[in-house]
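# based on what follows, work out the 3D shape:
(4 chains)
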2 protein chains.
Amino acid sequence: MSSKPLRADARRNRAKILDAAGEVFAERGVAASTEEVAARAGVAIGTVFRHFPTKQDLLGAILKDLLADLTSAGDTDLFAFFTRVVTAAAEKKVVVELLAREGVAVGVEGPVAALGDTVDRLLAAAREAGAVRADVRLDEVLALLTATAQGALWGGWPADLRERVLARVFAGLVA
Amino acid sequence: MSSKPLRADARRNRAKILDAAGEVFAERGVAASTEEVAARAGVAIGTVFRHFPTKQDLLGAILKDLLADLTSAGDTDLFAFFTRVVTAAAEKKVVVELLAREGVAVGVEGPVAALGDTVDRLLAAAREAGAVRADVRLDEVLALLTATAQGALWGGWPADLRERVLARVFAGLVA
DNA sequence: TACTATCATGAGTGGAGGCTCACTTTGTCA
DNA sequence: TGACAAAGTGAGCCTCCACTCATGATAGTA
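Prediction:
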C-alpha cells in the first residue's frame, strides 16, 4: 500500500494540513477554500496539493478520520451512540455535508460502512433487550440518524431543543 | 408598494423567468447558475437581472411562491400536512436548501412565518383532539419537519422508506 | 561535507459564475 | 404613425477558487 516512508518534514506538514483541514472544514463546510486550509496550516498552497492531489482527496482523508473517531468508541447503547453522532455532527459541518451529499463518492466506503455496521450491531442488541420495537429496520434508523444530524446542524438547534427532538425520535422507536 | 404596471413583454418575461427558475433550482439547487435560468426561460441574462437585481432576489421570489403553495391548502390534519411538506421538499432541492441555510436571509420572513403559523394551528388542533402528546412543543415539530425534509432530500430516500420514517416520527409524537 | 532525491514555494492559469452597461429593440400612447 | 420611455440584449468585467509548475530549499545518505 504505502510506498516509501515520508521524509520528516513531509510527515510533519501532512499532519499540520490534516489538522488545519479538520478545523476549517468543520467550521466553514466543504465550501471552504484550499487556500484557507493552507494558510491555517502555515504551508503554501502547493504543499497541500502535493499531499492531496485534489480537494476531494483531502476531504476524503479527514472524513475517514472523523468517522473512525465516531465509530471506534466501544458504544453498547443505540440511543447513546445516536446522541453522540448527532451532537458531534452538529459541530462539524463537513461530516454532515459529506455524508449527506458526497459521502459515498469520496472513496470512504469503508468508514461509512463501519458506521452502518455499528448501528446494525447496536440495533440488534437493542431489539434483543426489548429496548426498541421488533419491527424497527436498519435503514429507518440510519435515515433518522442522518436526518436528525442534518437538522441539528443546519437548523442551529440549541442544546435543549436537540435533546427534546432526540427524545421524540427515540420515543418513536421504543416498544 | 408596486410602482407602475409592467409593460406586456416585461410581464411575460417575468413569468417565464420565474417558471424557469422554479424548475432549474428545484433540480439543481441554489448552485444552479443564473445563466441556466436565463437559457431555460429563453431570455438574455441581462433580462433576468433587470427583473431580479441579485440572485438572492430571484431565490426569494420563488421560495415565496413555493411556500405560499404549501401553506395555502386548507389542511386540517397535522400529520397529513407534515407528510405533504416532506414529500414536496424531497422533490425541490431549493426549498430545503433555502429553508435550512439561507431561508431567513432572503427576505421571505412572511411566508416562512406563515408556515410556522400553519404548523402552530394544526398542532393546537391535534393537541385538542388528543392526537399528540400534550407536551409536544411547536419548535420540536418544526425541527422534526425540517430534519425529515432534509433527510428525504439529501438521503434520496425511496418512497417506502420515507413513509416508514414518517411513521416513526409520528409515533414519537402521538399520545 | 557533498550530493541528490524529495519536498516546499507561490505566482500564474483556466474556468465558472454573478453582475454591468452601452447599445438595440419594442410596447404604449398621444 | 411618430416619439420616447421601458425593456431586452450579450459581450465583457471582476472575483473566487481548484490546480500547475518552474524554481529554490532541505533531509537523508555516503
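
# could you use CA atoms for every contact and neighbour count after this?
OK.

# please work out which residue of chain A is closest to chain B.
The nearest approach of chain A to chain B comes at residue A:172, 3.7 Å away (CA to the nearest CA).

# give me the distance between the residue lying closest to that residue once chain neighbours are set aside and DNA strand D.
Distances taken as CA to CA, 6 or more residues apart in numbering or on different chains place residue B:172 nearest to residue A:172, at 3.7 Å, with adjacent residues excluded. Using CA to the nearest atom of the strand, to the nearest Å, residue B:172 is found at 40 Å from DNA strand D.

# so what's the gap between stretch A:43-50 and the chain middle?
25 Å (CA atoms, centre = their mean, to the nearest Å).

# burial count for residue A:9?
9 (other CA atoms under 10 Å in any protein chain shown).

# shaky segments in chain A?
For chain A, the stretches with pLDDT under 70 are A:1-2, A:73, A:101-108.

# give me every residue in it lying close to DNA strand D.
For chain A, the residues found near DNA strand D under the criterion CA under 7 Å from any atom of the strand are A:7-9, A:31-35, A:45-46, A:49, A:53-56.

# let's go with 10 Å and repeat that
Within chain A, the positions adjacent to DNA strand D are A:5-12, A:30-38, A:44-50, A:52-59 by CA under 10 Å from any atom of the strand.

# list only buried entries from those residues.
Among the residues of chain A next to DNA strand D, those scoring as buried are A:30, A:34, A:37, A:38, A:48, A:52, A:57, A:58, A:59 (criterion: 16 or more other CA atoms under 10 Å in any protein chain shown).

# and which of those residues is nearest to DNA strand D?
Lowest distance from DNA strand D to these (CA to the nearest atom of the strand) belongs to residue A:34, with 3.9 Å.

# and the residue of chain A nearest DNA strand C?
For chain A, CA to the nearest atom of the strand, closest residue to DNA strand C: residue A:46, 3.1 Å.

# tell me which element the nearest residue to residue A:138 once chain neighbours are set aside falls in.
Excluding its sequence neighbours, the residue lying closest to residue A:138 (CA to CA, 6+ apart) is residue A:120, at 6.2 Å. Here residue A:120 sits within helix A:109-128, counting by DSSP states H and E.

# so what touches that helix?
Residues from elsewhere that reach helix A:109-128 (CA atoms under 8 Å, 6 or more residues apart in numbering or on different chains): A:64, A:67-68, A:70-71, A:76-78, A:103-104, A:132-134, A:138, A:141-142.

# may I have the very next helix or strand once past that helix exported as PDB, CA atoms only?
Proceeding N to C from helix A:109-128, the next assigned helix or strand is helix A:138-155, under DSSP H and E. This file holds the C-alpha atoms of helix A:138-155, laid out as PDB (Å, rounded to 0.1, in the frame of the first residue of the first chain):
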ATOM      1  CA  LEU A 138     -31.700  -0.600  10.000                       C
ATOM      2  CA  ASP A 139     -32.500   1.700   7.100                       C
ATOM      3  CA  GLU A 140     -35.000   3.600   9.200                       C
ATOM      4  CA  VAL A 141     -32.600   4.100  12.000                       C
ATOM      5  CA  LEU A 142     -29.900   5.300   9.600                       C
ATOM      6  CA  ALA A 143     -32.400   7.600   7.900                       C
ATOM      7  CA  LEU A 144     -33.400   9.100  11.200                       C
ATOM      8  CA  LEU A 145     -29.800   9.500  12.200                       C
ATOM      9  CA  THR A 146     -28.800  11.400   9.200                       C
ATOM     10  CA  ALA A 147     -32.000  13.500   9.200                       C
ATOM     11  CA  THR A 148     -31.500  14.500  12.800                       C
ATOM     12  CA  ALA A 149     -27.900  15.200  12.300                       C
ATOM     13  CA  GLN A 150     -28.700  17.500   9.300                       C
ATOM     14  CA  GLY A 151     -31.500  19.200  11.200                       C
ATOM     15  CA  ALA A 152     -29.200  19.800  14.200                       C
ATOM     16  CA  LEU A 153     -26.500  21.300  12.000                       C
ATOM     17  CA  TRP A 154     -28.400  23.500   9.600                       C
ATOM     18  CA  GLY A 155     -31.200  24.400  12.000                       C
END
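
# now for helix A:138-155, which elements pack on it?
Helix A:138-155 sits against helix A:78-90, helix A:93-97, helix A:109-128, helix A:159-171, helix B:138-155, helix B:159-171, with contacts defined as 3 or more CA pairs under 8 Å, 6 or more residues apart in numbering or on different chains; DSSP states H and E.

# quick revisit: just the residues of chain A next to DNA strand D: which are in helices?
With DSSP state H as the criterion, helices contain A:8-12, A:34-38, A:45-50, A:55-59 from among the residues of chain A next to DNA strand D.

# need the contact list for the most centrally placed residue in chain A.
Residue closest to the mean C-alpha point of chain A, counted by CA atoms, centre = their mean, is residue A:95 at 4.0 Å. Counting by CA under 8 Å, 6+ apart, residue A:95 touches A:26, A:63, A:66, A:89.

# what residue, apart from its backbone neighbours, is nearest residue A:58 spatially?
Closest to residue A:58 by CA to CA, 6+ apart is residue A:52, at 5.5 Å.

# hmm, back to that, are any of the contacts of helix A:109-128 buried, and which?
For these, buried by 16+ other CA under 10 Å: A:64, A:67, A:68, A:70, A:71, A:78, A:103, A:132, A:138, A:141, A:142.
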